[in-house]
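Participant: requesting a structural model of the entry that follows:
(4 chains)
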Number of protein chains: 2
Amino acid sequence: MLSQAAEDYLKSIYKLQEKGGKVSTGVLAEFLNVKPASVTGMIKKLKSMKLIKYERYHGVTLTNAGKAIALEVIRHHRLLELYLFKALGMPWDGVHDEAEKLEHVISEDMEERMDAYLGYPTSDPHGSPIPDKNGVVPKTASIPMTSLQDGQSCVVAEVNDSDSALLRHLGSFNLYPGTRFRVIEVAPFEGPFTIDVAGQQAVIGREVAKHIFVDDIHDT
Amino acid sequence: MLSQAAEDYLKSIYKLQEKGGKVSTGVLAEFLNVKPASVTGMIKKLKSMKLIKYERYHGVTLTNAGKAIALEVIRHHRLLELYLFKALGMPWDGVHDEAEKLEHVISEDMEERMDAYLGYPTSDPHGSPIPDKNGVVPKTASIPMTSLQDGQSCVVAEVNDSDSALLRHLGSFNLYPGTRFRVIEVAPFEGPFTIDVAGQQAVIGREVAKHIFVDDIHDT
DNA sequence: TGTAAAATTTAGTTATGCCTAAATATTTTT
DNA sequence: AAAAATATTTAGGCATAACTAAATTTTACA
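Facilitator: As a prediction, the model looks like this:
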């Protein structure tokens, strides 16, 4: 059985790989909040298990076996987030931390039962896609909020799930996946976004907007 | 934060203490499936944390702090068992193993939400009492099935939760907590019990009967 | 009571996964 | 292309929690 630490490495590699960019020792270390020297050690281990490919100074790549494990952990995480949200009524800014611990521990059986209870969902409370049992990730073609222009209307597709303060902030504006809003004004010089959500005005800073992805854009 | 291993030691000490008898290094080792030398190490650690009292060759006792942790872990375990059983429909012979892993990992918040969902229950699917938030354990005055006599009728109160084969066996006779049955005959010389459960006859061996506790006994 | 048996502890190892500090390799800059 | 900056690895430690084998302590029995 794979250690929790190893699972976290694979999950992180997958996510960093998704974002584009080379997954170097240093990047991984930063992402996982460990020191580069520690990453070197785990890289050796994962390589010897044939879960990753690695060449010095050229970054890491998941093998198919490694990717399968990464996707299974991510599936666990997102199913758990949605389950905790829907079945236990946990707030959307609380489910990430809980899922982060549970994801390494639940059985296949529990995974399947949650999946069935939820009706085989394809996205979690933050809009992130839930890979299916075969590791197939639903397509999500969304665009960063930062690329919106004055007057455009759109629907929140996905937000970063790991920053609970950010999530509470967005929640205070009722900005959840599925919520439609309209850009009233984008302040010049990389300024904040003034938007209209269901008749209410809200100001969203650039840094926050970077973590919001949107869909279904209309010019109005 | 306390390690999972330490939590398991405290939980085991509590359970062994309940059963009566001195909780010696060797007994603990056997119960936890580790070697006595390993127990010595953990005993030192737990003693230094003031979670147990210990004197060589005289066994271990929980301090109040240690008992509180033990009861919290047991509470988690039993709430989880009942939750998995009721909310996710897991079979009663499957919930123990799942709960065994989850019990160390769930938050107070999740504990409270499960508790509320279940309506603040006082026993798990195997009839074991669920300690409340303050560590108060509901009274359960039940008697081992092995002390029953011919013709007595009673209700299953509690069964050992950790042996899934045993649980499946009992399930095949519909022998769950709350089920009433009548002893038709106790075979002599420590023989098996022939019982009547809802009109069906079943033969329960002594070894199995030792793991069944009953209540509400009537002579018929 | 002395000796054998049983229980427990000590000493030394192992594996995991992290750390720091120092060494080395690569890339970038000048 | 050499020097400087950056990235990565090596070497040596630490903590946890298990193990084995050997020593020691306690208990039990003859």
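Participant: OK, contacts around A:Pro121?
Facilitator: A:Leu79, A:Leu82, A:Asp115, A:Ile130 (C-beta atoms under 8 Å, 6 or more residues apart in numbering or on different chains). Quick note: C-beta positions are derived from backbone N, CA and C, even for glycine.
Participant: got the phi and psi for A:Leu88?
Facilitator: Here is the backbone geometry of A:Leu88 (degrees, to the nearest 10): phi -110, psi 0.
Participant: any idea which helix or strand carries the residue nearest to it when sequence neighbours are not counted?
Facilitator: Spatial nearest neighbour of A:Leu88, excluding adjacent residues (C-beta to C-beta, 6 or more residues apart in numbering or on different chains): B:Arg113 at 4.3 Å. Using DSSP states H and E, B:Arg113 maps to helix B:108-117.
Participant: can you check A:Gly41 too?
Facilitator: helix A:36-48.
Participant: so that helix, near DNA strand D or not?
Facilitator: Yes - applying C-beta under 7 Å from any atom of the strand, one finds helix A:36-48 in contact with DNA strand D at A:Pro36, A:Ala37, A:Val39, A:Thr40, A:Gly41, A:Ile43, A:Lys44.
Participant: give me the helices and strands touching the helix ranked longest in chain A, please.
Facilitator: Taking DSSP state H as the criterion, chain A has its longest helix at helix A:64-87. Other elements packing on helix A:64-87 under the criterion 3 or more C-beta pairs under 8 Å, 6 or more residues apart in numbering or on different chains; DSSP states H and E are helix A:4-18, helix A:95-102, helix A:108-117.
Participant: got a list of what A:Ala157 touches?
Facilitator: Contacts of A:Ala157 (C-beta under 8 Å, 6+ apart): A:Gly127, A:Thr140, A:Ser142, A:Pro177, A:Phe213, A:Val214, A:Asp215.
Participant: quick one, what contacts the second one?
Facilitator: By C-beta under 8 Å, 6+ apart, the residues touching A:Thr140 are A:Ser123, A:Gly127, A:Pro129, A:Ala157, A:Glu158, A:Phe213.
Participant: which parts of chain A sit against DNA strand D?
Facilitator: So far as C-beta under 7 Å from any atom of the strand goes, chain A lies against DNA strand D at A:24-27, A:36-37, A:39-41, A:43-44, A:54, A:56-57, A:59.
Participant: just the buried residues out of the residues you listed, in ChimeraX syntax.
Facilitator: To isolate the buried ones among the residues of chain A next to DNA strand D in ChimeraX, judged by 16 or more other C-beta atoms under 10 Å in any protein chain shown, type:
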select /A:24,25,27,39,43,59
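Participant: number of residues surrounding A:Glu190?
Facilitator: For A:Glu190, the neighbour count with other C-beta atoms under 10 Å in any protein chain shown is 8.
Participant: next, it: secondary structure please.
Facilitator: coil (DSSP: H, G, I helix; E, B strand; the rest coil).
Participant: for it, list the residues it contacts.
Facilitator: Counting by C-beta under 8 Å, 6+ apart, the residues that A:Glu190 touches are A:Arg206.
Participant: roughly how far apart are it and DNA strand C?
Facilitator: Distance, A:Glu190 to DNA strand C, by C-beta to the nearest atom of the strand, to the nearest Å: 24 Å.
Participant: residue of chain A closest to DNA strand C, please.
Facilitator: A:Ser3 (2.6 Å; C-beta to the nearest atom of the strand).
Participant: reformat the contacts of A:Thr140 as a markdown table; add distance to DNA strand C.
Facilitator: Formatted as a markdown table, those follow (distance: C-beta to the nearest atom of the strand, whole Å):
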| residue | distance to DNA strand C |
| --- | --- |
| A:Ser123 | 29 |
| A:Gly127 | 29 |
| A:Pro129 | 26 |
| A:Ala157 | 32 |
| A:Glu158 | 28 |
| A:Phe213 | 29 |
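Participant: one step back: which members of the contacts of A:Pro121 are the farthest-apart pair?
Facilitator: A:Leu82 and A:Asp115 (9.6 Å; C-beta to C-beta).
Participant: and the two? which has more neighbours close in?
Facilitator: A:Leu82 (25 against 18).
Participant: nearest residue to that one in space, please, no chain neighbours.
Facilitator: A:Leu82 sits nearest to A:Asp124 (C-beta to C-beta, 6+ apart), 4.8 Å away.
Participant: tell me the contacts of that neighbour?
Facilitator: A:His77, A:Arg78, A:Leu79, A:Glu81, A:Leu82, A:Phe85, A:Ile130, A:Asp161.
Participant: of these, closest to A:Thr146?
Facilitator: Distances from A:Thr146 to the contacts of A:Asp124, taken by C-beta to C-beta, are shortest for A:Asp161, at 18.4 Å.
Participant: OK, contacts around A:Val73?
Facilitator: A:Glu7, A:Asp8, A:Leu10, A:Lys11, A:Glu103, A:His104.
Participant: surely the second one is in contact with A:Leu32?
Facilitator: Yes - assessed by C-beta atoms under 8 Å, A:Asp8 is found in contact with A:Leu32 at 6.6 Å.
Participant: PyMOL command for the buried members of the contacts of A:Val73?
Facilitator: In PyMOL, this line selects whichever of those come out buried by 16+ other C-beta under 10 Å:
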select buried, chain A and resi 7+8+10+11+103+104
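Participant: contacts with DNA strand C among the contacts of A:Val73, please.
Facilitator: Within those, those near DNA strand C by C-beta under 7 Å from any atom of the strand are A:Asp8.
Participant: okay if I get the contacts of A:Val73 as a markdown table plus pLDDT?
Facilitator: Formatted as a markdown table, those follow (pLDDT from 0 to 100):
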| residue | pLDDT |
| --- | --- |
| A:Glu7 | 98 |
| A:Asp8 | 98 |
| A:Leu10 | 98 |
| A:Lys11 | 98 |
| A:Glu103 | 98 |
| A:His104 | 98 |
